[in-house]
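Engineer: This is a predicted model, with the sequence first.
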Amino acid sequence: MVSSDQRRRQLAREKYERQRQRREAARRKTKRRNVIVASALAVALAAGAAAYASVGLAGGGDTTDGAAASPSKAADPCGKPAPGAPSKARWDKEPAMSVDTSASYTMKLETTCGDIGLKLDAAKAPHTVNSFAFLAGKEFFDHSKCHRLVDQGLYVLQCGDPTGTGAGTPGYTIPDENLKDPRLKGNVYPAGTVAMANRYDGKSDKTRNSGGSQFFLVYQDSELPPNYTPFGTVTEGMDVLKKIAAAGSTYDPSTRNTAPNATVVIDRATVRKT
């Protein structure tokens, strides 16, 4: 016959086991969600429509997990865009190299949410900085919407697509650069990093060297494989990025983007040699 003390110990063990199983199930769910978010962003950072056709955010349209829609839209913290239309220009090939790799370059994004200043690394990412200087000079970024905000697991604002869909390009591609930057420790892009989006699928080297005009601004340390060219740092406007992030995002099934609730439009982008 089981004594009352033995019965209490048995019930305690059973309770502990149930709690352990619930904790383990929660851990597996969290791990699965983080994997979904990470793999989704690998696609989300792609600059071409083909990537979006194959895989979308949060498993191709499922907003119940991963980078899901915010439950409700916060108040828009940004102003109205300046008059003007997004660029429709396209070029057949990468612009000729004209940047001075021994010089310093800065980029200023005048947005509806506030100014964001960037320091560009021409020495480590000459093709990327050269392309940005060219595109800014052609007003390619002006009046373009920052079309994606990832605010779960990874923390980035993605811009640089005048179509606002995540599928736009300048018509040419540029090579990957600076992927062994020592700042990318432990597969983490630190807060303040400016990096390129691309169409790399994580498998085939044929999809490398596929950057275009889309880039992302990291507003909080984000774990991400070093497959995306880091070419600058945010020197001004981190508070602007935080404000945009605080407003949250909403999943758009038509583009498979998690679009920022804030109206983030680049009114004007300029690159200067300093």
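Structural biologist: That came through, no problem. Numbering: from 1, shown residues only.
Engineer: Go ahead and flag the most central residue of the protein.
Structural biologist: By C-alpha atoms, centre = their mean, the mean C-alpha position of the chain lies nearest to Val156, the distance being 3.9 Å.
Engineer: how many neighbours does the closest residue to Thr193 other than its chain neighbours have?
Structural biologist: Leaving aside its sequence neighbours, Thr193 sits nearest to Val218 (C-beta to C-beta, 6 or more residues apart in numbering; 4.3 Å). Every residue, glycine included, has its C-beta placed from N, CA and C. Close neighbours of Val218, defined as other C-beta atoms under 10 Å, add up to 24.
Engineer: can you tell me how far Val218 sits from Pro253?
Structural biologist: 26 Å (C-beta to C-beta, to the nearest Å).
Engineer: Distance from the chain centre to the helix or strand that the residue nearest to the centre of the chain is a member of, please.
Structural biologist: Using DSSP states H and E, Val156 maps to strand 154-159. Centroid separation for strand 154-159 versus its chain: 3 Å, with C-alpha atoms, centre = their mean, to the nearest Å.
Engineer: residues making contact with it?
Structural biologist: 37-38, 41, 44-45, 67, 109, 141, 144-150, 166, 191, 197, 214-224, 241, 244-245, 260, 264, 266 (C-beta atoms under 8 Å, 6 or more residues apart in numbering).
Engineer: Among these, which are located in strands?
Structural biologist: Among the contacts of strand 154-159, the members found in strands (DSSP state E) are 109, 144-145, 148-150, 215-218, 222-223, 260, 266.
Engineer: Throw together a ChimeraX command that grabs the buried residues out of those.
Structural biologist: Remark: buried members of the ones in strands among the contacts of strand 154-159, expressed as a ChimeraX selection using 16 or more other C-beta atoms under 10 Å:
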select :109,144,145,148,149,150,215,216,217,218,222,260,266
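Engineer: what's the closest of the ones in strands among the contacts of strand 154-159 to Arg90?
Structural biologist: Ser144 (14.0 Å; C-beta to C-beta).
Engineer: shouldn't the closest one be in contact with Asp267?
Structural biologist: No - counting by C-beta atoms under 8 Å, Ser144 does not reach Asp267; the two are 9.5 Å apart.
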